[in-house]
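heads up, no residue letters with this:
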């Protein structure tokens, strides 16, 4: 199965990087948002209760990476939905390969995208003066957490694709990405959010993940934040996996 | 006045791709002209230039008396176009598309409604007129496409591969419609990769290959240019050698499969009766005989060195020489 | 003249089909700006407490003009992407071979955006009022009805010029990101003085900032002619500029 997953992952990665309309929303939009958020809300660091940061960019980087990771997950779902629409998935289902390989191959591209966006935003941050306070260990931790988060979001995108079978439906989810991100501490400290966002953010796995990624940038690595981040990733991945499994079974039954 | 007059028409894409390398052609008013060639020969590029969608990089073309570059609006008023790749909006109904086409050509109000109804009836889509085009079959879409091209009663109708992908029944119905239009005076310029279509419909045929004109003429004259009919005879009983001796007096012997004799038939099918009598007199009764006419594919092979039908690549033995 | 109006009307009707006849197709475009309004308010609402913010206590009223222009930006971008799809799929050839002047064809395509934008605007204002958005007064509403559809035409002209240049839906991100920058690289999140220096510099030269300030007047104070006329002039100028770009694009089609 490893060879099959690798082959399908290679295909998915090639596909992703050959279609600018797929990469651009994942990197371009969060980058523009990062620029606007940083430029527009720069004065927020003077608010009482705002964490002690070198600059608002340091605070905001995690949010940009989370937004991009989520978009990467949805884009993976769109690509899978296109495969279903054009019949490529049927071709795989008729082949003697393990069913999970079909999904895992697609998620391989999402993980690769997660690594790319991590490198992109860290590089961008460094160019514009951000610092990772936890040093190389912090960079390493971020390089693990963000791709894992992308994978977890990818499992939700996969579930949606398997259920809907149409790219246009999966694409319609894009606004919800922003809802999840806004109702978390990805862009602003939890203590300074307005209601009802503040209450929702307390339970939103996105908050845990964003704070775990932010931790090494603005402070040091703390076990609690890291564990909470991993828990958030696990929650999303669990939801995505269960839904994917149901959706795949439903698709196979109705094929 | 010529319906279409083309002089050294060229189209280059970028610095290296010459899709059309200087073609000349002439289509009289009231003709059906078939533009024949394989995929990639330059047919669609030529049609796009003649219908003002693409600007020639060199040469001139006049359609209905108007220059395609300098009098493009006049050309558009005089032509109807059904392109190979022209999409139909699946969210519109057939009637809505027909009415939109009417409006685009300056026909409005009640007149556009009446014209839409007439054309929908003409192409046999009255029953489906208020259904979304997304529910139409391939044949229905082509008929609708043809109908929209006729909404303003064009003088020259361009059809780019009008029956590609259609079943035989749908194809025949499109052919009937083309003939009817031509009977009513419309000049038809159609591109096709189907020999039978060119043979059946066209008054004259132009053959394009590799962006250049390879030949032009009536189907009969083109075929006569490259070959004469052949007669293939199977003898019911008797000596093949004896049959060859008899038949050899009426035409040139040609290689053929075992058990049959093939000769050229310079005089055409009218010689057949005499040949049969000669064989009979020689005690060689005929089991079967076939008069084989040269085909447009034979023409294509002679003019371009490759066959148009089947896979097409490589050399193919041409028809018997004239 | 009546022929041109008839063609424009017919093309506008066709453009509305997708919104009316495809269930759910309009939903993402309609709700996205509202998500931004409510989400950004929830995330950055406390910015009003920064010293020197001035303006209203409710951030939602400060932000509303930005998201109203986002309605226009999204709608216009969608118009461009739809045109790119029509070009890619050959539908546009059908229009080009008709004897209708190209400027009329273009008009039919872009003017539809001015109508389509009313849906997200209505939804945004309704939801905004529910969540505490100030009513901008009759003159403020009049400004919205004039400036937002006009900006939708600007965005549609931009989208059309890109569609005509690149002839592929893959150019969608380019259309969207430029509109994004025009709208958000302004005094979108905070007054000019509180922006990061680079964003303040950009916002001061960004013409769209004038449109935002004109729209904002009704929400945060009173509409005055001094604050309105720059916005009107800007929108007129941008319409002429991007309209000329799009017209040049359609007239050069086929070269």
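That came through, no problem. Please read all numbers here as calculations on a predicted model, not as lab measurements.

Touching the strand or helix carrying residue B:302 from outside, list them.
Element membership for residue B:302, per DSSP states H and E: helix B:296-304. The contact list for helix B:296-304, computed with C-beta atoms under 8 Å, 6 or more residues apart in numbering or on different chains, reads B:36, B:195, B:198-199, B:205, B:207, B:209-210, B:214-215, B:219, B:222-223, B:225-227, B:306-309, B:316, B:318-319. For the C-beta atoms, the positions are set from N, CA and C on the backbone; glycine is no exception.

So for residue C:25, what's the pLDDT?
Note for residue C:25: predicted pLDDT of 69.

what's the neighbour count on the closest residue to residue C:233 other than its chain neighbours?
Nearest residue to residue C:233, sequence neighbours excluded (C-beta to C-beta, 6 or more residues apart in numbering or on different chains): residue C:210, at 7.5 Å. Neighbourhood size, residue C:210 [other C-beta atoms under 10 Å in any protein chain shown]: 21.

hang on, residue C:210 is in a helix, isn't it?
Yes: using DSSP: H, G, I helix; E, B strand; the rest coil, the assignment for residue C:210 is a helix.

State the distance from it to chain B.
38 Å (C-beta to the nearest C-beta, to the nearest Å).

who touches that residue in this structure?
The contact partners of residue C:210, taken as C-beta under 8 Å, 6+ apart, are C:230, C:231, C:233, C:234.

Which one (most neighbours) among these?
Of those, with other C-beta under 10 Å as the count, residue C:231 tops at 26 neighbours.

I'd like to know which elements the stretch of helix or strand that residue belongs to is packed against.
Using DSSP H and E, residue C:231 sits in helix C:225-251. Using 3 or more C-beta pairs under 8 Å, 6 or more residues apart in numbering or on different chains; DSSP states H and E, the elements in contact with helix C:225-251 are helix C:102-116, helix C:137-166, helix C:208-220.

Could I get the average pLDDT for the next helix or strand after the first one?
This means helix C:102-116. Helices and strands here follow DSSP H and E; after helix C:102-116, the next one along the chain is helix C:118-130. Averaged over helix C:118-130, pLDDT sits at 95.

Sort out which residues of helix C:118-130 are buried, please.
C:119, C:120, C:121, C:123, C:124, C:125, C:127, C:128 (16 or more other C-beta atoms under 10 Å in any protein chain shown).

Kindly report the same for stretch C:158-168.
For stretch C:158-168, burial by neighbour count (16+ other C-beta under 10 Å) applies to C:158, C:159, C:160, C:161, C:162, C:163, C:164, C:165, C:166.

and the stretch 51-200 of chain C, which residues reach chain B?
For the stretch 51-200 of chain C, the residues in contact with chain B (C-beta under 8 Å from any C-beta of the partner chain) are C:86, C:89-91, C:93-101.

so where is the stretch 1-150 of chain C shaky, pLDDT-wise?
Within the stretch 1-150 of chain C, the segments meeting pLDDT under 70 span C:23-25, C:55-56.

Run through chain A and note the low-pLDDT ranges.
In chain A (pLDDT under 70), the answer is A:20-22, A:254-255.

Count residues in the vicinity of residue C:226, would you?
Quick note: residue C:226 (other C-beta under 10 Å) scores 9 neighbours.

my bad, residue A:105
Residues lying near residue A:105 (other C-beta under 10 Å) number 22.

Over to the one 4 residues further on?
Counted with other C-beta under 10 Å, residues neighbouring residue A:109 total 27.

residues touching the residue nearest to it when sequence neighbours are not counted, list them.
What sits nearest to residue A:109 in space, not counting adjacent residues and going by C-beta to C-beta, 6+ apart, is residue A:12, at 3.4 Å. Going by C-beta under 8 Å, 6+ apart, residue A:12 touches A:76, A:79, A:105, A:106, A:108, A:109.

The third one: helix or strand, and which one exactly?
Right, the one you point to is residue A:105. helix A:99-127.

Just give the number of residues close to residue 174.
Picking chain A for this. 18.

Switch to chain B, please.
23.

got it, and the one 5 residues further on?
Counted with other C-beta under 10 Å, residues neighbouring residue B:179 total 14.

Report how many residues lie close to the residue of the stretch 51-200 of chain A found nearest chain B.
As assessed by C-beta to the nearest C-beta, chain B sits closest to residue A:168 within the stretch 51-200 of chain A, at 13.2 Å. By the criterion of other C-beta under 10 Å, residue A:168 has 14 neighbours.

so what does the helix or strand encompassing it touch, helix or strand wise?
For residue A:168, the element it lies in under DSSP H and E is helix A:167-171. Applying 3+ C-beta pairs under 8 Å, 6+ apart, one finds that helix A:167-171 contacts helix A:56-86, helix A:135-164.

How far off centre is the first one?
Distance of helix A:56-86 from its chain centroid, counting by C-alpha atoms, centre = their mean, to the nearest Å, is 5 Å.

check whether that helix contacts chain B.
No: against chain B, helix A:56-86 shows no contacts by C-beta under 8 Å from any C-beta, the least distance being 14.9 Å.

just checking, next helix/strand downstream of that helix?
Heading C-terminal from helix A:56-86, the first helix or strand you meet, by DSSP H and E, is helix A:88-93.

And for chain B, the residue most distant from the center?
In terms of distance from the mean C-alpha position of chain B, residue B:283 ranks first, at 45.0 Å (C-alpha atoms, centre = their mean).

Check the gap between that residue and chain A for me.
In this view, residue B:283 and chain A are 64 Å apart by C-beta to the nearest C-beta.

Up against chain C, what does the stretch 51-200 of chain B have?
Counting by C-beta under 8 Å from any C-beta, the stretch 51-200 of chain B sits next to chain C at B:51-55, B:73, B:76-77, B:79, B:81, B:83, B:85-89, B:91-92, B:96, B:99-101, B:103-106, B:108, B:132, B:148.

In PyMOL, select just the buried ones from the residues you listed.
Of those, the buried ones can be selected in PyMOL as follows, counting by 16+ other C-beta under 10 Å:
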select buried, chain B and resi 51+52+53+54+76+77+79+81+83+86+87+88+89+91+92+96+99+100+101+103+104+105+106+108+132+148
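
Which members of the residues of the stretch 51-200 of chain B next to chain C are positioned in helices?
Members of those lying in helices (criterion: DSSP state H): B:73, B:76, B:77, B:96, B:99, B:100, B:101, B:103, B:104, B:148.

could I get the residues you listed as TSV with pLDDT?
Converted to TSV, those look like this (pLDDT from 0 to 100):
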residue	pLDDT
B:73	91
B:76	94
B:77	93
B:96	92
B:99	92
B:100	90
B:101	91
B:103	90
B:104	90
B:148	92
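
what's near enough to touch the residue in the stretch 1-150 of chain C that chain A sits nearest to?
Of all residues in the stretch 1-150 of chain C, residue C:39 sits closest to chain A, with a separation of 2.9 Å (C-beta to the nearest C-beta). When contacts are counted by C-beta under 8 Å, 6+ apart, residue C:39 is found next to A:178, A:179, A:181, A:182, A:183, A:197.

cutoff 7 Å now
Each residue near residue C:39 by C-beta atoms under 7 Å, 6 or more residues apart in numbering or on different chains is listed here: A:178, A:179, A:182.

same deal with residue B:12?
Contacts for residue B:12 (C-beta under 7 Å, 6+ apart) come out as B:18, B:57.

re earlier: of the helices and strands packed on helix A:167-171, give the one that comes closest to residue B:295.
Among those, helix A:56-86 comes nearest to residue B:295, with 38.3 Å by C-beta to C-beta.

can you tell me which residue is nearest the centre of the chain?
Reading this off chain A. Note on chain A: the residue nearest the mean C-alpha position is residue A:69, at 2.1 Å, using C-alpha atoms, centre = their mean.

that's the wrong chain, I wanted chain C
Centrality entry for chain C: nearest residue to the mean C-alpha point is residue C:72, 2.1 Å, by C-alpha atoms, centre = their mean.
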